[in-house]
Each structure stands twice: as C-alpha cells, then as structure tokens.
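Chemist: here's a sequence, model it:
(one chain, ligands or ions: 2)
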Amino acid sequence: MKNKKARERGTMKALILVGGYGTRLRPLTLTCPKPIVPLCNKPMLMHQISAMAAVGVTEVVLAVSYQPEVLEAELKPYGDKLGVKITFSREDPDHPLGTAGPIGLAKDILCEGGEPFFVFNSDVICSFPLKQMLDFHRSRPAERRAQGTILVTKVTDPSKFGVVIYHPETDYHIERFVEKPKEFVGDRINAGMYILEPSVFDGDLIAPRRMSIEREVFPVLAARGTLYAMPLEGFWADVGQPRDFVKGTGLLLPQLPECDVNDHDATKTRAAAEGWTCVSPVLVDPSATVAAGAVLGPNTVIGPNCTVGATARIKNSTVMRGAAVLDGAYVADSIVGWRSRVGRWAHVVNMTVLAENVKLADEVYANGALVLPHKDVSVSVPEPTIIM
Ligand code: GDD
Ligand code: MG
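Modeler: Numbers count the residues shown, from 1 in each chain. Ligands and ions are numbered 1, 2, ... in the order given. Model (predicted):
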C-alpha cells in the first residue's frame with residue numbers, strides 16, 4: 001500500500017553514473033564536462049533525466065568524481081522545469097568507486113521510499129521505454145521476484161560490452177552476465193540502464209567501496225535467478241565518442257518533439273519563409289539565423305545564436321551555440337563547437353571536430369581534423385590529424 005501511494009505521488013529515485021571527464025569526447029570536453037555537452041541542443045544528461053521525470057522520478061543523484069559546480073549551474077534550471085531534484089554525490093577523484101560503489105554511497109537517498117530505483121550509465125541514449133521497463137520489472141513471477149532488470153540491446157561487436165545471456169522463451173531471467181567477454185558468448189548486451197530493488201543492498205552486495213556492478217553484482221544476482229533482461233526494441237547508442245555522438249544525434253532527433261518531423265511544420269514553414277531547404281530530420285534553435293539558399297539536413301542540429309550563411313550545406317552534423325558556418329561552406333559528418341567559425345567555401349568532413357572558439361579560414365579543407373580550443377586554422381588538413 002505504501003509503495004502504491006508512493007508511486008502515485010511519484011517518489012522514485014534514480015542514479016546516473018557520471019564518472020570522469022569524458023576524455024574520448026575530446027576536444028569538446030576540454031572546455032565542457034561531457035554530461036553537459038549539448039546533444040540535440042540539450043545537455044546530454046537531460047535526455048535521460050527527462051525520460052526519468054516522465055515516469056515519476058523526482059530525484060536524480062549524479063555520481064561524479066570531480067567538482068560539480070559547473071554541472072550544477074547548467075542542469076539546475078532544467079531540473080526545476082521538470083520538477084526533478086538533482087543531487088550530487090561526489091567521490092574522491094583519486095579513489096573513484098567504479099560502477100557499483102557510487103550506488104552504495106547513495107544508498108540512503110535511493111532507498112528512502114522503499115521503491116525500486118533506476119541506475120543509468122551517463123554515456124548512453126535510447127528510445128527510453130522506461131514505463132515498459134517498470135511494468136516488466138514489476139510483473140516478474142512471484143517465485144522469482146526481480147531484484148534487478150537490465151535493458152538489453154543487440155550489437156555486432158559484443159566484446160566491448162557486458163554480455164547478457166537470458167531466456168526469451170521462459171521468463172527472461174538472466175542466466176549469465178559476462179563483462180567484456182574474451183570469447184563470443186552472445187550478442188545481447190547490457191545497454192547500461194537498470195532498475196534495482198532496495199534489497200540489492202542486503203548483505204553489503206553493494207557497498208560504498210570501489211566495486212564493479214558488472215563484475216561483482218550482476219553475476220551474483222544472475223546466480224540467484226533474480227536478475228532479468230528486458231529487450232530494447234527502439235534504437236540505442238553510446239554517445240561517448242565523436243563518431244557515435246554524430247550517429248546518436250541522427251537516431252535521437254526524430255523522437256524529439258522540437259524536431260522538424262514532429263513540430264507540425266513549424267521548421268518547414270520557417271525554412272520556406274526564409275528561403276532555405278530543410279531535409280528532415282533537422283533541429284534549428286529559434287535564435288539561430290539561417291540565410292536563404294542554405295541546405296540543412298538530414299541529421300543536422302543548429303544551436304542557439306548560430307549563423308548559417310547563404311548556400312551553406314550542412315548534413316549529418318551538429319553546430320553548437322554561437323558558431324558560424326559562412327557562405328558556401330560544406331559541413332558533413334562533423335561537429336562545429338561553441339563560437340567556432342567555418343570560413344566561406346570551407347570544406348569540413350569526415351568526423352572533423354572543431355572544439356570551442358576555433359577559426360577555420362576561408363576555403364580551408366578539413367578532413368577528420370580534431371582541432372583544439374581557440375585555434376586558428378589557415379591551411380588545409382588533408383588527413384585525419386589532431387591540430388594543437
Ligand atoms: N561515479 C563514477 N565513478 N562513475 C563511473 C566510474 C567511477 O569510478 N567509473 C565509470 N563510471 C561511469 C562512466 O562515466 C559511465 O557513465 C558508466 O559508469 C560506465 O562506465 P564506462 O567506462 O563507460 O563503461 P563501458 O562503456 O566500458 O561499459 C559499460 O557500459 C556498457 C554499455 O555502454 C558496462 O556497463 C557494460 O556492461 C555495458 O555494456
Ligand atoms: Mg561507456
């Protein structure tokens with residue numbers, strides 16, 4: 001009864017494993033912590049937090065191992081709007097607690113209402129079927145109550161993930177969980193999103209010391225038969241590296257209400273009025289300026305206060321707040337960081353990442369260049385290189 005009431009009020013908790021600085025998303029993360037790098041014009045973490053809020057989560061603990069001030073300032077307004085309290089749980093950066101220890105550290109908050117709680121890795125996005133996940137979790141057989149439910153997806157190279165072996169023909173309980181298998185054991189992997197019951201803390205199975213949930217907790221729950229796999233039907237993407245970030249953007253875009261495919265033609269009407277072409281899916285911040293003759297999309301995001309010049313062509317790319325892509329420039333499969341400038345007739349291709357405040361001169365060709373913040377680039381970069 002208590003739980004039912006709590007559910008109606010919405011008092012569910014969640015924890016996001018935020019961890020370190022996100023070195024694999026350099027050079028963007030040299031000037032911005034990974035969790036707030038904008039993905040589809042919103043801090044990356046907010047996609048997870050919005051999905052959690054939609055199913056009644058009222059408090060999200062961010063488990064971090066560095067100063068959370070910048071994160072706090074950026075995320076708080078979003079949290080307030082959603083009615084979600086965002087709390088920080090900080091580890092000693094010299095002694096990070098792994099993927100289970102931070103859950104142990106936040107035990108008191110997570111167990112407050114006696115409800116199950118969510119745990120997410122911070123670097124993953126998906127179609128977020130959290131309601132289905134809760135229903136699935138709560139409907140496991142009485143003789144084998146779920147202590148945990150893991151969202152699983154299918155990949156072609158499972159060796160970099162946690163592999164989940166389960167039985168779709170029975171009750172979906174997980175027989176084995178193998179983190180980063182050396183040999184092939186299956187291609188269904190841990191998508192990095194879980195529901196756990198407060199009982200997982202019993203007997204210090206999860207404690208506030210350095211622990212891996214994948215190596216120390218899931219195998220134990222699997223052996224008990226109380227760990228379940230819910231297959232994910234929609235898309236899934238790891239957004240921790242530039243290539244996956246660009247791909248993830250294209251997958252996430254069509255499901256956002258503000259994307260042109262869902263905004264009741266607002267973007268198309270704007271494009272027609274301003275004389276540019278919108279190739280769906282496209283997301284253009286209302287404060288951005290797009291000149292006539294430009295062609296945007298597919299899979300393209302233009303951030304706040306950006307400028308896109310006449311006849312510029314941008315596809316499969318993200319342009320972040322305050323950046324400019326000048327007349328006749330071509331940008332494909334790339335990221336243009338905050339306040340950067342792509343010169344006229346420049347050619348930016350093949351996973352080029354311009355960090356914050358980079359100036360690419362007119363007519364320059366950048367092929368897979370990773371350009372560090374505040375650099376001026378005036379000669380072409382014909383092969384993938386880091387420009388320091
Ligand atoms: N607070 C905190 N402290 N967070 C941490 C720590 C830590 O010491 N170590 C890692 N994290 C966070 C990371 O920031 C990330 O959000 C999450 O925990 C998982 O760590 P990764 O380093 O990204 O692990 P992975 O990608 O190799 O593997 C994990 O994710 C896969 C799905 O992407 C595992 O959970 C796999 O089983 C899973 O398949
Ligand atoms: Mg990861």
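Chemist: in what helix or strand does the spatially closest residue to Ile165 that is not a sequence neighbour lie?
Modeler: With sequence-adjacent residues excluded and distances taken as CB to CB, 6 or more residues apart in numbering, Ile165 is closest to Arg176, at 4.4 Å. In this view, the C-beta of every residue, glycine as well, is placed from N, C-alpha and C. When elements are assigned from DSSP states H and E, Arg176 belongs to strand 174-179.
Chemist: name the residues that touch the next helix or strand after that strand?
Modeler: Tracing the chain past strand 174-179, the next element assigned as helix or strand by DSSP H and E is strand 188-196. Outside strand 188-196, the residues within contact range by CB atoms under 8 Å, 6 or more residues apart in numbering are 103, 116-121, 123-124, 126, 133-134, 137, 146-155, 158, 161-166, 177, 213-214, 218, 229, 231-232, 236, 238.
Chemist: go through the lengthiest helix in the chain and flag the buried ones.
Modeler: Counting residues, the longest helix found in the chain (DSSP state H) is helix 69-82. For helix 69-82, the buried set under the neighbour-count rule, 16 or more other CB atoms under 10 Å, comprises Leu71, Glu74, Leu75, Tyr78, Gly79, Leu82.
Chemist: relative to ligand 1, which residue of the stretch 1-150 of the chain is the closest?
Modeler: Gly19 (2.5 Å; CB to the nearest ligand atom).
Chemist: the stretch 51-200 of the chain now?
Modeler: Sorted by distance to ligand 1 under CB to the nearest ligand atom, the residues of the stretch 51-200 of the chain start with Gly162, at 2.4 Å.
Chemist: and that residue, how many neighbours?
Modeler: With neighbours defined by other CB atoms under 10 Å, the count for Gly162 comes to 23.
Chemist: for Ala222, what are its contacts?
Modeler: With contact taken as CB under 8 Å, 6+ apart, Ala222 is in contact with Ile174, Glu175, Arg176, Phe177.
Chemist: which residue ranges of the stretch 1-150 of the chain form helices?
Modeler: With helices called from DSSP state H, counting those that start in this stretch, the stretch 1-150 of the chain shows them at 2-9, 44-54, 69-82, 101-105, 107-111, 130-138.
Chemist: how about the stretch 251-388 of the chain?
Modeler: With DSSP H, counting those that start in this stretch, the ranges of helices along the stretch 251-388 of the chain come out as 266-274.
Chemist: show me what residue of it gets nearest to ligand 1.
Modeler: For the stretch 251-388 of the chain, the residue positioned closest to ligand 1 under CB to the nearest ligand atom is Leu251, at a distance of 14.6 Å.
Chemist: name the nearest residue to that residue, sequence neighbours excluded.
Modeler: With CB to CB, 6+ apart as the criterion, Leu251 has its nearest non-adjacent residue at 4.3 Å, and that residue is Phe235.
Chemist: need the phi and psi values for the one you found.
Modeler: In terms of degrees, to the nearest 10, the main-chain angles of Phe235 are phi -80, psi 160.
Chemist: near ligand 1, which residues of the protein?
Modeler: By the rule CB under 6 Å from any ligand atom, the part of the chain lying against ligand 1 is 17-19, 63-65, 91, 96-99, 102, 121-124, 161-162, 179, 189-190, 192, 214, 238.
Chemist: so which of those belong to strands?
Modeler: 17-19, 63-64, 121, 124, 162, 179, 189-190, 192, 238 (DSSP state E).
Chemist: right, and the pair among these with maximum separation?
Modeler: Using CB to CB, the two most remote members of these are Val64 and Ile189, lying 25.1 Å apart.
Chemist: quick one on the thing from earlier: look up the pLDDT of the closest residue to the residue of the stretch 1-150 of the chain closest to ligand 1 other than its chain neighbours for me, please.
Modeler: With sequence-adjacent residues excluded and distances taken as CB to CB, 6+ apart, Gly19 is closest to Ser65, at 6.1 Å. pLDDT for Ser65: 85.
Chemist: isn't Thr11 up against Gly83?
Modeler: No. Using CB atoms under 8 Å as the test, Thr11 is too far from Gly83 to be in contact (11.9 Å).
Chemist: quick check: neighbours shared by the two?
Modeler: With CB under 8 Å, 6+ apart, Thr11 and Gly83 have common neighbours Thr58.
Chemist: more crowded one of these two?
Modeler: Thr11 (17 against 10).
Chemist: ok, back up a step: show me the contacts for the residue of the stretch 51-200 of the chain closest to ligand 1.
Modeler: Under the criterion of CB under 8 Å, 6+ apart, the contact list for Gly162 reads Phe177, Val178, Glu179, Lys180, Ile189, Asn190, Glu214, Phe218.
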